[in-house]
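J.: can't give you the sequence, but here's the structure:
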């Protein structure tokens, strides 16, 4: 039996804010589900370096009111058939499991530190073509082309540990946030690397989604913070969750809870009357490393001030170390153009893009 840590008891107190579950609620009639999940998880498996069995990890997450997981064992060391035979049966009516893999593209130790260039890939095929990415260590576009051939999503893991890829962040389908327990963690430098990569990709015209990567190898990591990827599938099924990943219906959070959100992000262009979209929600943040919560909105990767000022209001009541904020803002697509917006509570929450186009005039 696993005993709760002091931090886990703190999280339990926050559950009262969202009806005894792990938060994340869509407004009635929104047409989507909310799946709080872990992304980037290792397990005790031949060839992987996790210390916990997959079933034990899933049970822990169920007990903590999570609804899903993305497993990502080190691909070049495992039998994919054995791996799928273990994790696929863990899908149940109240919990969803995706079988991804982590590709080691480049790994070396230089005088100024360790270089880890890793990609999480998710293709949902029985026998992925790419299990060893090292042949493409010097050819990132070539690796992406191979992954595209199998229909894979590919996510840049811990961007701070692979500075060489900062020149081409637009190549990735997704960018991982919050997996930054290394040099620069305390002062926020590693977070800045991920944010810069994401915004640079948006400025370049790409539409990457974001995930919160716990990079879980042992359960003791849960005491370092709470890493939640919020996914918003159409229905609560494994197939729909996979489709939500492909569509970028994702929000990354660290030491924060997304209590409500009326509109899910999406990298595919949506058309709305006059190109307007009103986004509102509620977030709870745990004061962390001196970062005072604030709301920042981006348009195509650049800071943006909506015509109608955004609202970011702290509620009077505080819950066991968490502060609760209501936020709302309205964005508009430029006439004749496709425009992507995203929102951030720095060091706590980052959204995938909301990509819009105005309805053509009749």
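T.: Thanks, I have the structure now. What you see is a predicted model, and the numbers here were worked out from it, not measured in a lab.

J.: From here on, just use CA atoms for contacts and neighbour counts.
T.: Will do.

J.: Hmm, residue 84 is touching residue 98, no?
T.: No - at 9.6 Å, residue 84 does not count as touching residue 98 under the criterion of CA atoms under 8 Å.

J.: which of those two has more neighbours?
T.: Set residue 84 next to residue 98 and count neighbours by other CA atoms under 10 Å: residue 98 wins out with 23 against 16.

J.: Can you tell me how far the more buried one is from residue 214?
T.: 15 Å (CA to CA, to the nearest Å).

J.: Then residue 244?
T.: Taken as CA to CA, the span from residue 244 to residue 214 is 20 Å.

J.: which stretches of the stretch 51-200 of the chain form strands?
T.: Assignment of strands within the stretch 51-200 of the chain using DSSP state E, counting those that start in this stretch yields the ranges 68-71, 96-99, 101-110, 113-122, 153-156, 174-177.

J.: Can you check which of the ones you listed gets nearest to residue 286?
T.: strand 174-177 (17.2 Å; CA to CA).

J.: So which residues make contact with the helix or strand hosting residue 251?
T.: Per DSSP states H and E, residue 251 falls inside strand 250-254. Strand 250-254 has contacts (CA atoms under 8 Å, 6 or more residues apart in numbering) with 177-178, 209-212, 225-232, 244, 264-266, 347-352.

J.: Okay, and which of the residues you listed map to helices?
T.: By the criterion of DSSP state H, membership of those in helices covers residue 244.

J.: quick one on the thing from earlier: which one of the strands of the stretch 51-200 of the chain is the most hemmed in?
T.: Comparing these by mean neighbour count (mean count of other CA atoms under 10 Å), strand 174-177 comes out on top with a mean of 28.

J.: what's the weakest-modelled helix or strand in the protein?
T.: In the chain, no helix or strand scores lower on mean pLDDT, DSSP states H and E than helix 6-14, which sits at a mean of 37.

J.: buried sites along whichever helix or strand comes after it?
T.: For helix 6-14, the following helix or strand on the C-terminal side (DSSP H and E) is strand 35-41. By 16 or more other CA atoms under 10 Å, the buried positions in strand 35-41 come out as 35-41.

J.: pLDDT on strand 35-41, on average?
T.: Average pLDDT, strand 35-41: 98.

J.: Then stretch 273-281?
T.: 88.

J.: And for that stretch, what's in contact with it?
T.: 258-263, 326-335, 356-359.

J.: Derive a ChimeraX selection command for the buried subset of the residues you listed.
T.: Listed next is the ChimeraX selection for buried residues among the contacts of stretch 273-281, using 16+ other CA under 10 Å:
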select :258,259,260,261,262,263,326,327,328,329,330,331,332,333,356,357,358,359
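
J.: now, which of the contacts of stretch 273-281 lie within strands?
T.: Among these, DSSP state E puts 258-261, 326-332, 356-358 in strands.

J.: Show me where this protein dips below the pLDDT cut-off.
T.: Applying pLDDT under 70 to the chain flags the ranges 1-29, 109-113, 181-183, 288-289, 317-319, 360-362.

J.: For the residue positioned nearest the centre of the chain, name its beta-bridge partners.
T.: Centroid check for the chain by CA atoms, centre = their mean gives residue 211 as the closest residue, at 1.3 Å. Using DSSP bridges, the bridge partners assigned to residue 211 are residue 176.

J.: my guess is it meets residue 39, correct?
T.: Yes - Residue 211 is in contact with residue 39 according to CA under 8 Å; the separation is 7.0 Å.

J.: tell me, what's touching the two both at once?
T.: Contact criterion CA under 8 Å, 6+ apart; residues shared by residue 211 and residue 39: residue 229.

J.: For residue 281, see how far away the residue nearest to the centre of the chain is.
T.: 19 Å.
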